[in-house]
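> Starting from these lines, generate the structure:
(chains A, B, C and D)
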Protein chains: 2
Amino acid sequence: MIRENPALLRYLSELHLANGPVTASDFPPKTEIIGQEKNVKAAFVITSGIAKCYLHENNGRIFVQEFFGPGELFGEVELIRQSLSFSCIEAITHLSAFRIGQDDFHALLHADSRFNTLILQSLANKVRYKALRHAHNQSHPAADNLVRLQQTFPDLFHTIPKQDLADYLGITLRSLNRILRGTDQ
Amino acid sequence: MIRENPALLRYLSELHLANGPVTASDFPPKTEIIGQEKNVKAAFVITSGIAKCYLHENNGRIFVQEFFGPGELFGEVELIRQSLSFSCIEAITHLSAFRIGQDDFHALLHADSRFNTLILQSLANKVRYKALRHAHNQSHPAADNLVRLQQTFPDLFHTIPKQDLADYLGITLRSLNRILRGTDQ
DNA sequence: AATAGTAAAGGACATTTGTCCCATTGATGA
DNA sequence: TCATCAATGGGACAAATGTCCTTTACTATT
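Okay, the predicted model is just below:
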């Protein structure tokens, strides 16, 4: 599913208009915005476009955690943990995002209680959603998972490459094609 | 892996000793401490014992998210989201835990900046760990996942029932037995 | 036009995992 | 002691998925 967070996007827009510590940035398709095992210097909130969040596994496989849409936040986990990134973020379409530098992010967390609450809620939502998605993915055949994904995003096949979809479902491209052939999409 | 959080456990112990809004509670094995789709009235931090956190899927399957050990926090996602529980928590061994009521939890979040930081870190850790685990689980054969689990908890088979291990790995009990037979454990 | 690169589709076969069943063991209560 | 139930172990076959390889189509570049 494309993850979104309208409440956070609204608040960041307010901060930006009020000359808060928020800058607008742009990325062309396929830009790697955060690389795996790298230092993270800022958090981002998407204003438009779609990105993928994925992990390289040690056996060469790639697993897509989520597709991120407007309002989705990334980089915050690394800033809070003060650790290297554990995943890659890459633009799929053209991407616009608000950027909050490391120090500003921590300052907001401590000084701005509304921001603090929005981040807590964003993290809690991520924990919950990851739990539901992992459980569903492991407990159902890939065909069911694909149907579920497509219900939340009908325009799937025109926006997201097949290889990315397969990596999201945790199957090979060959298996994805087999499923699509069976259900004749 | 058994999830733990020593820093949080330490701080909760301090709060408890200082007569903070923290009470000690005990549960015998197999107690369902939080049920799926129920109201959650408090958060808990385990002081001793092991619990499982799992989800019922609509097709009857069960998926174990994690095994929780000392210091691990649960119930906080529901309190922050102000929503019904999405998972079950059940004691495997005898379990002792600190309990923080809903109102006290929110009061601490706002008034106690150290508590706030510990919760942020706990959530960030959960997001990260779920990402790594999901990616590993989907990208490797079940046998590898089992080996990995056993490395972090050698006493696995004497503490956790096989059915729970299978539900954690996302495979059937039959498949787990097949793997164990192959590697002759 | 020729070439290279990338996404996509699918055949053939191997491997992994699930399903259905039944047997064994150990604990517990009648 | 006997009956019962839960946990465990595994045979036989079906279904799902991976691996390897080939083909086609489209795009971009020279």
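> Please, which helix or strand holds the closest residue to A:A24 other than its chain neighbours?
Excluding the flanking residues, the one nearest A:A24 by Cβ to Cβ, 6 or more residues apart in numbering or on different chains is A:F98, at 6.2 Å. No exception for glycine: its C-beta is placed from N, CA and C like everyone else's. In the assignment (DSSP states H and E), A:F98 maps to strand A:95-101.
> how about the following helix or strand past that strand as CSV, C-alpha atoms only?
Next in sequence after strand A:95-101, counting helices and strands by DSSP H and E, comes helix A:102-111. C-alpha atoms of helix A:102-111 as CSV (Å, rounded to 0.1, in the frame of the first residue of the first chain):
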residue,chain,number,x,y,z
GLN,A,102,19.1,16.8,12.2
ASP,A,103,19.5,19.5,14.8
ASP,A,104,16.2,21.2,13.9
PHE,A,105,14.5,17.9,14.1
HIS,A,106,15.6,17.2,17.7
ALA,A,107,14.9,20.8,18.7
LEU,A,108,11.3,20.5,17.4
LEU,A,109,10.9,17.2,19.2
HIS,A,110,11.7,18.8,22.5
ALA,A,111,10.2,22.3,22.1
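> can you give me the end-to-end distance of stretch A:39-53?
From its first residue to its last, stretch A:39-53 covers 16 Å (Cα to Cα, to the nearest Å).
> Output the set of residues of chain A in proximity to DNA strand D.
A:141-143, A:170-172, A:174-175, A:178-179 (Cβ under 7 Å from any atom of the strand).
> Show me what the residue nearest the centre of chain A bridges to in the sheet.
The centre of chain A sits closest to A:F68, judged by Cα atoms, centre = their mean, with a distance of 3.5 Å. Following DSSP bridges, A:F68 is listed with bridge partners A:R3, A:A51.
> if we can go back for a sec, closest to chain B among the residues of chain A next to DNA strand D?
Using Cβ to the nearest Cβ, A:G170 is the member of these that lies nearest chain B, at 3.3 Å.
> right, and that closest one touches A:N137 too?
Yes - with contact defined as Cβ atoms under 8 Å, A:G170 reaches A:N137; the gap is 6.1 Å.
> residues shared between the contacts of those two?
B:Q138 (Cβ atoms under 8 Å, 6 or more residues apart in numbering or on different chains).
> now the helices for chain A?
A:6-17, A:76-81, A:102-111, A:113-139, A:142-152, A:156-159, A:162-169, A:173-182 (DSSP state H).
> most tightly surrounded among those?
Most buried of the helices of chain A, by mean neighbour count (mean count of other Cβ atoms under 10 Å in any protein chain shown): helix A:76-81, with a mean of 22.
> Outside of the lowest-mean-pLDDT helix or strand in chain A itself, list whatever touches it.
Lowest on mean pLDDT, DSSP states H and E among the helices and strands of chain A sits helix A:156-159, with a mean of 86. With contact meaning Cβ under 8 Å, 6+ apart, helix A:156-159 is reached by A:50, A:92-93, A:149-150, A:153, A:165, A:185.
> Between all of these, which two are separated the most?
A:T93 and A:Q185 (21.4 Å; Cβ to Cβ).
> out of the two, which sits in the more crowded spot?
A:T93 (15 against 11; other Cβ atoms under 10 Å in any protein chain shown).
> Skipping its backbone neighbours, what lies nearest the more buried one in space?
A:G49 (4.5 Å).
> what's around that neighbour, how many residues?
18.
> these two touch, right, it and A:E72?
No - A:G49 is not in contact with A:E72 according to Cβ under 8 Å; the separation is 10.5 Å.
> before we move on, back to that, with the residues of chain A next to DNA strand D in mind, which one is nearest to B:Y11?
A:G170 (37.1 Å).
> For that closest one, which residues are in contact?
A:63, A:137, A:142, B:138-139 are the contacts of A:G170 under Cβ under 8 Å, 6+ apart.
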